[in-house]
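Undergrad: 3D model of this:
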Amino acid sequence: MGVKDKVKTAVDGSGTVGRLLGSKKRKAAAAGVLAEVIVALAAAILLNTNKAGEYVVLFPGISREENNEILAVLNGRGVGAKRNAEGEVTVPENQVGDIMLDMSELGYPKTALPFDIFSDNMGFTTTEFEKRQYLLLNLQDRIERTLKDMNGIKNAIVTLNVSDDSNYVWDDQGADSTGAVSLTLMPDCELSPEKVGAIKNLIANSVPRLLPENVTVVNAETMQEMVSDDVGGLTSYGLGRLDFETKVEKRLQDKIMNVLTLAYPPGQIRVSATVVIDYDKMITEDLQYEPQDNGQGVVEHYKTGQSVNGQGGGAGGVAGEENNTDIPTYGAAGTGGANGANGDYYRDVDYLVGYIKKQIEKDNVKLQKATVAITVNDSNLTESKKQQLIDAASKAANIAPEDIVVSSFQQIASDKTPEPEKPVIPVTAPGVGGIDPRILIAGAAAGIFLFLVLLFLILRHRKKKQRKEDQELFGPFEGDAVELDRDIAERAEESAVENRLTNIPVKPQDPVNQVRSFAEDNPEIIASMISNWLKEDKK
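TA: From the prediction side, this is the model:
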């Protein structure tokens, strides 16, 4: 029998299925199971449909600028992305995974992590090492978010290297933790050394075994390390010293100016001070010994030794000779001593000395030297004035007089090399009252000409008057011919005078000389004028 026949037999009722469906109870149970399956399928479809309609935040915690960029990219790709009330980009929940993968290929997000590092990687199979690494990454992300919330910081990247705890007793030299921060600042924003130091302290207090001097802060745009105000930074320490020296110099200058401005206005005096400050620490030890009343006690250590070899008294007389007496004679040899002794003697002195020992440590700065230069605008700066200024400045700033120099502007100007003199262009000196003499000469000539014209008119008027009187007196006795000749002669004389007057050259000379030259050139006119004057005098 084949497989087909066996299945047919089972369906027809001779098999197991036929037996199960034989009774009503079994049919009801089968119907219930089928209904449950249908309900489960309907619930799954409903849940999937509702899930497809929900929107979730794609990348929480990113900046507003990056949200705008991501929204533009998603709209360009045809993804139905929206914004929530906080301005974050939301996408359909059933498409979150695919959208995250697509955006990660494009390098998004840039200002935050795409998921919670610690909570999304915890499981039953996670090792302790992985947990520590996830915690470290989560800590870095939290510090980055904290730095981005600060004013003036656009983006921050934090890298931490935390040293491992040593479980060995003999390992007492554990490595310190280190940290590095890369900051992208807003335009026209600059972090002061105090703020950089605050960032270092913030990171150091967030990581175990991390000291502030082991944190490096770098500007991402300039790629230079930012200087903090800690003493460990030599650059900042040097800048602090320069700033302190500048303040000391300014204080000395103000004190000197306060005294000298009583004699000179502020615009006529300049003061410049230069100081040299000793920043080294100094330890002074003062040791004083107090000797005892007997004069001893100052000896710190004294040691002496002596060896003595003694013997009995020597025989008297001359050595090598015998006398004939029976009584021996004992004489004293040397200093005389009946008996002697041998021995070594040592003396070791180490007195207890009372003393006072003082140690003084000076950690503050010391003004080692100061020089002052004073310049005044005084053309009469005598030696006595200089000495007065030096004494006043010395007392005001507590500086030695030999370190103060006083000079004047005029002295500095006289020390310069004289410039070569320029050629002098001759200029005619102005006349009286600053008037050009040529104008005076022209005015005098015009005055003489007007005087002559006026004189001529007066003479002509007198001649006409005289002629009229003569006609009235002698008119009936003289003939017409005589009058005609006289009129012609007078007219000729007048025309000659007019022609000569018009031809008189105007010369820039003295009025007296001009009258004299006119008389020499025109004697007839002068003679006629004199005759007329004489006639008038006779009348």
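
Undergrad: Okay, and the beta partners of Val158?
TA: Going by DSSP bridges, Val158 is paired in beta bridges with Val181.

Undergrad: Quickly note the distance from it to Ile256.
TA: Using CB to CB, to the nearest Å, Val158 is found at 52 Å from Ile256. (Each C-beta comes from the backbone N, C-alpha and C, glycine too.)

Undergrad: Looking at the two, which is more packed in?
TA: Between Val158 and Ile256, counting by other CB atoms under 10 Å, Ile256 is the more crowded of the two (25 against 22).

Undergrad: so where is the stretch 301-450 of the chain shaky, pLDDT-wise?
TA: 301-302, 305-343, 345-346, 349-364, 410-436 (pLDDT under 70).

Undergrad: swap the cut-off to 90 and go again
TA: For the stretch 301-450 of the chain, the stretches flagged by pLDDT under 90 are 301-369, 377-382, 385, 408-450.

Undergrad: Would you agree Val215 falls within a strand?
TA: Yes - per DSSP: H, G, I helix; E, B strand; the rest coil, Val215 lies within a strand segment.

Undergrad: And it, how far from Ile525?
TA: Where Ile525 is concerned, Val215 sits at a distance of 119 Å (CB to CB).

Undergrad: more neighbours, those two?
TA: Each of Val215 and Ile525 had its neighbours counted (other CB under 10 Å), and the higher figure belongs to Val215 (24 against 19).

Undergrad: Now do the contacts for that one.
TA: Residues in contact with Val215, defined by CB atoms under 8 Å, 6 or more residues apart in numbering, are 178-181, 199-200, 203-204.

Undergrad: do Met186 as well
TA: 152-154.

Undergrad: In strands only, show me those residues.
TA: 153-154 (DSSP state E).

Undergrad: nearest to Val515, of the contacts of Met186?
TA: Comparing those against Val515 with CB to CB places Gly152 closest, at 98.4 Å.

Undergrad: And for the closest one, the neighbour number?
TA: 13.

Undergrad: Ala263 now?
TA: 14.

Undergrad: Check it and give its pLDDT.
TA: Note on Ala263: pLDDT of 86.

Undergrad: secondary structure class for it?
TA: Once three-state DSSP is applied, Ala263 turns out coil.

Undergrad: Give me the phi and psi for it.
TA: phi -100, psi -30 (degrees, to the nearest 10).

Undergrad: Remind me which helix or strand Thr246 belongs to.
TA: helix 234-260 (DSSP states H and E).

Undergrad: just checking, next helix/strand downstream of that helix?
TA: strand 269-278.

Undergrad: Who are the packing partners of that following strand?
TA: Contact partners of strand 269-278 among helices and strands, from 3 or more CB pairs under 8 Å, 6 or more residues apart in numbering; DSSP states H and E: helix 234-260, strand 366-376.

Undergrad: Quick one: list the elements packing against the helix holding Thr246.
TA: strand 269-278, strand 366-376, helix 383-397.

Undergrad: That helix vs strand 269-278, what angle?
TA: 140 degrees (axes from the mean of the first three to the mean of the last three CA atoms, to 10 degrees).

Undergrad: List the buried residues for helix 234-260?
TA: 236, 245, 248-249, 252-253, 255-257, 260 (16 or more other CB atoms under 10 Å).

Undergrad: Work out for me the element Leu139 sits within.
TA: helix 128-148.

Undergrad: where does Lys82 fall, phi/psi-wise?
TA: phi -130, psi 170.

Undergrad: now it: how far from Tyr108?
TA: Counting by CB to CB - Lys82 and Tyr108 are separated by 17 Å.

Undergrad: These two - which one has more neighbours?
TA: Per other CB under 10 Å, whichever of Lys82 and Tyr108 has more neighbours is Tyr108, with 21 against 12.

Undergrad: got the phi/psi numbers for the more buried one?
TA: phi -110, psi 150.

Undergrad: tell me the secondary structure for Val79?
TA: coil.

Undergrad: From Tyr55, how far out is it?
TA: From Val79 to Tyr55 the distance is 11 Å (CB to CB).

Undergrad: Common neighbours of those two, please.
TA: Joint contacts of Val79 and Tyr55 (CB under 8 Å, 6+ apart) are Val91.

Undergrad: show me where pLDDT drops low in the stretch 1-150 of the chain?
TA: Ranges of the stretch 1-150 of the chain meeting pLDDT under 90: 1-70, 72-73, 75-89, 91-150.

Undergrad: What segments of it are helices?
TA: Here the stretch 1-150 of the chain has its helices, by DSSP state H, counting those that start in this stretch, at 3-9, 16-20, 24-53, 64-76, 96-105, 128-148.

Undergrad: would a markdown table of the helices and strands packed on helix 234-260 with mean neighbour count and distance to Phe456 be doable?
TA: Below are the helices and strands packed on helix 234-260 laid out as a markdown table (neighbours: other CB atoms under 10 Å; distance: least, CB to CB, whole Å):
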| stretch | mean neighbour count | distance to Phe456 |
| --- | --- | --- |
| strand 269-278 | 16 | 76 |
| strand 366-376 | 17 | 74 |
| helix 383-397 | 16 | 76 |
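
Undergrad: circling back: using TSV, lay out the contacts of Met186 together with distance to Gly87.
TA: Below are those laid out as TSV (distance: CB to CB, whole Å):
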residue	distance to Gly87
Gly152	21
Ile153	20
Lys154	17
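
Undergrad: Switch the contacts of Met186 over to JSON lines; also include pLDDT.
TA: Output for the contacts of Met186, formatted as JSON lines (pLDDT from 0 to 100):
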{"residue": "Gly152", "pLDDT": "86"}
{"residue": "Ile153", "pLDDT": "88"}
{"residue": "Lys154", "pLDDT": "87"}
